[in-house]
Structures are given as structure tokens and as C-alpha cells.
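**Student:** Below is the structure, and that's it, no one-letter string:
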């Protein structure tokens, strides 16, 4: 970040052109002849001029900075993703700037514009909540992609200069539901708290696995939790209430580990033996999985691999290589104490 | 982020001065007479010129952006702090840019310089790891404070344009240790994993409470965990190993909830009855406290209040008000199932 003492005035003198002309070249203006442009660029080279952040931002040089957007850095999964991205980017010689946007569309739009005004070389959108079902709502992503490559983690959007890396949430949830069914459970509750793109895939995985096993699903078996992301007690209370209305369930498959943890709390409070009488599978294989007693069986969607792949793809794009527009990894069920076959620690 | 079509060339014409002079004014150069400066600023006003990000960054206007630095966004406590800051700043009409620096000094220095090059209006350092015991290592903070106000959360550093908001970690730890002693425990282990400024305060709180109660502390009673922050199993194994070497302890006071959670795991694996035979107090009152079984008694250091106060202080500084250089809040013990008097949920 140290700035060289050579200034735009020295360049002007050296090149024998006006400051306005140097400025036009730095601004990449079209009102400059190629010959003049060459003179200025040579002067820049000769004087050893280190363009300042401004000039570098104007395309003369890259800032080597990537903008990262995430809705909420205090979400365990998003926080982990941010951590991996920063690590990968630093290793690739890039700085990163993060904006935590919240979940409102206008704040996401403002944040992406802020990062572009800061002259980032690329943008990473962390989490599927950035892509909306309504095409018009995704215009802010397409606009950004006109300026810099946009990378989506766990989301899909077609467009020039847009690249997607995701985990196969549909298949993972299908497999996990199938595992519970295979262990003899039929009254399986699906517990979720996100209506995002990946949330929709997970739900479909659950529904299809139940259907393919010939098990009828009633809508009340899909429980949506509206409270805050960390409210384990509120979640357990909702399960309690659901059971008290007469819906029978002895297994819970959750779209997130916190929800799964609340199911463990609920089952213990009811005196169920886990995993024999009551089984639970979580999602994300977060640190909560090992904090729970018994420890949680959870779906590992290979977040670190996804983040590495996405960063590598971005680096390829930035160096002009042809990169895949869409990369999908499979998930893995990590079996612990809340399902049969796991070690009840 | 939309840029007005009026350019620096129009200003030059309107003010009747050269582009170089306009540039000097925008650069806040001292080589411009007050009269000329006034002419240029009037022209800017008259033409309705909206300075672009560059010009605004040069002091003509504010970018209304605050830079936030945190070592690691995937740390539960830091992530929560970042979340509160972003929320407070957004409510105050400010954008924020976050750099996750890691724990290396050179990366912290580079990140603070990056944010300053992005023309932020102020900088928030989240967490006590940014301040070093060796004064020379803190030069990077003092240099930043020459340009913009620097706000420290849970750390202390004397200097112009530096403001500190923290929780009284010493007193909180002193009180919590005293509570265990009051419940009849004497063999209390102190379990920690950070050597930061606030870490040192916590340790001193533990030591002084033990000393004031006339209890001798042997050095092995202070167990430092070197592994990764989320390795609950590794932490529990260290407690197991410590006990196997003959050191007796039936209470653990931890500098972090994850460490406390591992103590619960250890105690349960040994068949101790919690809290009667074995008590545990954690720190930060994070979501882990309610995830554990039994739930953790933990010290709430009022993070949200700290973040609100720090943001309010920064806003005061930015609008030219005289603000306190140092603000300290007290913590609070939230009693749950791992100490006597708590409800064993």
C-alpha cells in the first residue's frame, strides 16, 4: 500500500503531455490516440510510477482484492465458508473484503454495488439466499457480472461471467432420509428454517425419498421453524407442540444442525432412547454435531472442498482461462450417536 | 453508487482554473491558496458535481464506510461481534467492509492498510488479539489512527484517535471463580486457549480469586489447550490426561464455552454427577451454552451492549464530538445446569 513519490505531474512532464491527458489515459478514456497512450504508459514505466489505489482501481493495475458477500457472518455455516474463502484467497495472493448484507434484497444490492465501487476483481456470493426464484430479483447479480466475475456458492444462476459451485443437497437429503427408512423408521419429520434455493432442494430430497419408499407424507410432517437461528429451546418447544397435536414421529431429519440438536433435546426430554427409539440426522456437520450428547449424525456437504474449488475457478477466470460454469460435489453422511450404526458417545 | 455525468473537466472550466488545480484541491494539497480552493469548491457545488468514489475518498466527501477487522470470522464470539457491528452501522447509515486477518501480525498490518486504502471513515478492531504486549508491535494501529479513528473492542491501547470499549474480564472471572468456591469447590481447574490481552485478565481473575480464598494454585491447574478452537474431543482428552497424571479437580472454569463444553463431556464420561460432584462455568454465553446437556452456566460479557456502545462512540467521534477514550462494562454470570443453583435442564 506504500505509494511511490512519483506523481501524475512527473508523468505529465516525462511524457510531454498535459495532466488532463495522463488522467484520460489512467481513466481509460477513448479520447486518447494510441500513440499518446503509449507515450504515457512508457512514462509510467520509466519513472517507476506506482499507481495509487485510485489509478490501480481504474484498470491500470488490479487491486488483487475479492469482494465476499454473506447474509450473516454469525451463521455457523456461512462463517465457516467465509473463513475458508479468506484462507484460500490469501494463499492465492488476494485480499478480501467482506460485506455482511442481512437478508433484505435492497441491502444485498447496495453491498454488491459498494464492493464494485471499491474496485474488487471479483465477487463471491456465499449461500443460496442471494438467488431469488423471481428472475427480476436477480438483476443485481447480472449487473455485477457485467463488471467482474461473480461466483455463487450453493446456488445456481445462468448468466455471462457467473460461475456456480455447489453441493448436491437434493441427493444428500434423499440418501439420509433413505438411511432412516432403512433403519426401520417411517414416521420421519422434516424440520427446516430456510426457504432458500438449497432449502428447496433438501425438501425435495426428503419428499422423494419418502415417496420412493411408498411412505405417505402429510404436510404437518414438514415443520418450518420461524424463530431465530439459535433458539434451540424454541425449536424443541415446536416439536413438543407438534407431538402434542397428535402427529406421531420418532425420527427427525433436519436442514441444519441446530434444528437437529433441538430434536435431540426434545427426544431426551420425552425419555426416548436415542438412537433405538428415536433417530436424528442433522445437516452441515458443524461443530454442534460433536457438542451434542449423544453426538449428531450429520450430513457433511464438503464445505471446504466447495470453497477451494470456487476460489480455484475464480483464479482461473481472472487469468483468462476457460472455466466450468457449474461444479457440483456430492455430500456424505457422517454417522454418530443419533442414528443406528453410530457410536453413541 | 451512480456517478454524475459532470466531470473534473467541467469543474476546471467553471472555476476558471487548470485541471491540475482542481486535482490539487480534491487531493487536499497544501499548494493551493484559500481563494482558489473556494473557487473550486463553489464550482463543484454549482455544477452539482457528484464526486466519484475516488474524489469522495480524498476527503471531499465521506464514503460512509467503516472498516472492520477480525482475526477469524468463524470464531463464534468474533462472528457475533461482527454481526452486531454490521447491524449497528447499517442503522447508523454506514456501510461496512470486513477483513478477516488471521492471527499473524503482518496480515493484520496488511489488512488495516488495505482498508485505509479503500478510504474507510473509521476502523474497528474486533478482539483483544490486535493489541500486543510489545509496544513496537502496535505501531500499525497508531499509524492507522493518524488517518481515521480506531476503535478497539475488548482491548486497550493508549493513543490519539484510539477509543476502547471492553468488558471487565478480570472481575467477571474473579466473581465466577468465587461462586465455585462458595459452592464448596476447591480443586478448580482453569482451562484456556488464548494468550490475548483479555485472556491474561481472565487468568488473573482466576488466580486472585483463588488466592483471596486462601487456596493454593499449582501451575498444572492452569491448563492451556493448544489445539484448534473447535476440537471438543481433543480438549476432553487433555482433561482426561491431566486427571490421569494425578491432579485432582472437580470443577472447571473455562475461558471459552467450547472448553467448558469439553469439561462437561469429560465429567459425564467419568460418571460424575453434574453439578453436585462436578461443576463447570464457561465464558461468552454463546449458543453452545444452551446446546450442551446439562446446559452451561456461562459468563455473559454483554457483547451486544459493547458493540452498540462502541458504534455510538465512533459515530460521536465522526461527528466531531468529544467522546470517552475508554468505556468498561461489567459481565454477568448466567446460571444453568452445570453449577449449583442452576436448573439442570
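**Tutor:** Arrived safely. The model shown is predicted, which means the values in this text are computed figures rather than measured ones.

**Student:** after the helix or strand bottoming out on mean pLDDT in chain A comes which helix or strand?
**Tutor:** The weakest-scoring helix or strand in chain A, judged by mean pLDDT, DSSP states H and E, is helix A:53-55 (a mean of 41). Following helix A:53-55 in sequence order, the next helix or strand is strand A:65-70 (DSSP states H and E).

**Student:** Quickly run through the sheet partners of that next one, with directions.
**Tutor:** Strand pairing for strand A:65-70, using DSSP bridges, gives strand A:95-100 (parallel), strand A:122-126 (parallel).

**Student:** Pick the most deeply packed of the ones you listed.
**Tutor:** Highest mean neighbour count of the strands paired with strand A:65-70: strand A:122-126, a mean of 28 (counted as mean count of other Cβ atoms under 10 Å in any protein chain shown). (Each C-beta comes from the backbone N, C-alpha and C, glycine too.)

**Student:** and residue A:101, what is it in contact with?
**Tutor:** A:69, A:70, A:71, A:107, A:108, A:110, A:111 (Cβ atoms under 8 Å, 6 or more residues apart in numbering or on different chains).

**Student:** What's the per-residue pLDDT of it here?
**Tutor:** Turning to residue A:101, the model gives it a pLDDT of 89.

**Student:** again with residue A:127
**Tutor:** pLDDT, residue A:127: 90.

**Student:** helix/strand/coil for the closest residue to it other than its chain neighbours?
**Tutor:** Nearest non-adjacent residue to residue A:127, counting by Cβ to Cβ, 6 or more residues apart in numbering or on different chains: residue A:78, 5.5 Å away. Three-state assignment for residue A:78 (DSSP: H, G, I helix; E, B strand; the rest coil): helix.

**Student:** repeat for the one 4 residues further on
**Tutor:** Under three-state DSSP, the three-state class of residue A:82 is helix.

**Student:** I figured it hits residue B:100, correct?
**Tutor:** Yes: with contacts counted by Cβ atoms under 8 Å, residue A:82 reaches residue B:100, the gap being 6.6 Å.

**Student:** shared neighbours of these two, anything?
**Tutor:** Joint contacts of residue A:82 and residue B:100 (Cβ under 8 Å, 6+ apart) are A:98, B:73.

**Student:** now the end-to-end length of stretch A:247-258.
**Tutor:** Taking Cα to Cα, to the nearest Å, stretch A:247-258 runs 22 Å from one end to the other.

**Student:** Just the buried positions in it, please.
**Tutor:** A:249, A:250, A:251, A:252, A:253, A:254, A:255, A:256, A:257, A:258 (16 or more other Cβ atoms under 10 Å in any protein chain shown).

**Student:** give me phi/psi at the third one?
**Tutor:** So the one you mean is residue A:251. phi -150, psi 150 (degrees, to the nearest 10).

**Student:** Hmm, residue A:180 and it touching each other?
**Tutor:** Yes: contact criterion Cβ under 8 Å: residue A:251 and residue A:180 qualify, at 4.9 Å.

**Student:** which residues are common contacts for these two?
**Tutor:** Contact criterion Cβ under 8 Å, 6+ apart; residues shared by residue A:251 and residue A:180: A:188, A:279.

**Student:** before we move on, the earlier item: can you list the strands paired with strand A:65-70 in TSV and add distance to residue A:42?
**Tutor:** Compiled in TSV, the strands paired with strand A:65-70 are given as follows (distance: least, Cβ to Cβ, whole Å):
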stretch	distance to residue A:42
strand A:95-100	29
strand A:122-126	30
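
**Student:** quick one: the closest residue to residue A:306 other than its chain neighbours and residue A:183, what's the gap?
**Tutor:** Distance criterion Cβ to Cβ, 6+ apart; nearest residue to residue A:306, sequence neighbours excluded, is residue A:165 at 5.4 Å. Distance from residue A:165 to residue A:183, counting by Cβ to Cβ, to the nearest Å: 32 Å.

**Student:** The two: who's more crowded?
**Tutor:** residue A:165 (25 against 14; other Cβ atoms under 10 Å in any protein chain shown).

**Student:** and that one, helix, strand or coil?
**Tutor:** Residue A:165 falls in the strand class when you classify it by three-state DSSP.

**Student:** residues contacting it?
**Tutor:** Contacts of residue A:165 (Cβ under 8 Å, 6+ apart): A:151, A:152, A:153, A:154, A:306, A:309, A:310, A:313, A:326, A:327, A:328, A:329.

**Student:** Residue A:213 too?
**Tutor:** Contacts for residue A:213 (Cβ under 8 Å, 6+ apart) come out as A:178, A:181.

**Student:** Need the phi and psi values for the closest residue to residue A:285 other than its chain neighbours.
**Tutor:** Spatial nearest neighbour of residue A:285, excluding adjacent residues (Cβ to Cβ, 6+ apart): residue A:300 at 3.8 Å. Residue A:300 adopts backbone torsions of phi -90, psi 110, taken as degrees, to the nearest 10.

**Student:** Could you break chain A into its assigned domains?
**Tutor:** Domains of chain A are assigned by automatic domain parsing as A:3-50, A:65-166+A:303-329, A:169-301.

**Student:** any idea how far the first one is from the chain center?
**Tutor:** Relative to its parent chain, domain A:3-50 has a centroid offset of 41 Å by Cα atoms, centre = their mean, to the nearest Å.

**Student:** so does it get close to chain B?
**Tutor:** Yes: for domain A:3-50, a contact with chain B is found by Cβ under 8 Å from any Cβ of the partner chain, at A:8, A:9, A:18, A:19, A:20, A:23.

**Student:** follow-up on the earlier one: can you tell me which of the contacts of residue A:165 are buried?
**Tutor:** A:151, A:152, A:153, A:154, A:306, A:309, A:310, A:313, A:329.

**Student:** Which of these fall in strands?
**Tutor:** Among the buried ones among the contacts of residue A:165, the members falling in strands (DSSP state E) are A:151, A:152, A:153, A:329.

**Student:** Please tell me I have it right and the third one contacts residue A:125.
**Tutor:** Yes: with contact defined as Cβ under 8 Å, residue A:153 and residue A:125 form a contacting pair (6.8 Å).

**Student:** List the single closest residue to residue A:42 in space, sequence neighbours excluded.
**Tutor:** Nearest residue to residue A:42, sequence neighbours excluded (Cβ to Cβ, 6+ apart): residue A:15, at 7.3 Å.

**Student:** where's that neighbour relative to residue B:19, distance?
**Tutor:** Distance, residue A:15 to residue B:19, using Cβ to Cβ: 15 Å.

**Student:** Give me the more crowded residue out of the two.
**Tutor:** residue A:15 (22 against 19).

**Student:** Tell me who's in contact with the more buried one.
**Tutor:** Residues near residue A:15 by Cβ under 8 Å, 6+ apart: A:21, A:22, A:39, A:40, A:42, A:43.

**Student:** Restricted to buried residues, select these in ChimeraX.
**Tutor:** Entered in ChimeraX, the line below selects the buried ones among these, by 16+ other Cβ under 10 Å:
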select /A:21,22,39,40,43
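
**Student:** Close to chain B: what parts of the stretch 51-200 of chain A are there?
**Tutor:** Residues of the stretch 51-200 of chain A lying close to chain B (Cβ under 8 Å from any Cβ) are A:53-54, A:57, A:65, A:72-74, A:76, A:79-80, A:82-83, A:86-87, A:90, A:95-100, A:102, A:107, A:110-111, A:113-114, A:116-119.

**Student:** Fine by me, thanks again.
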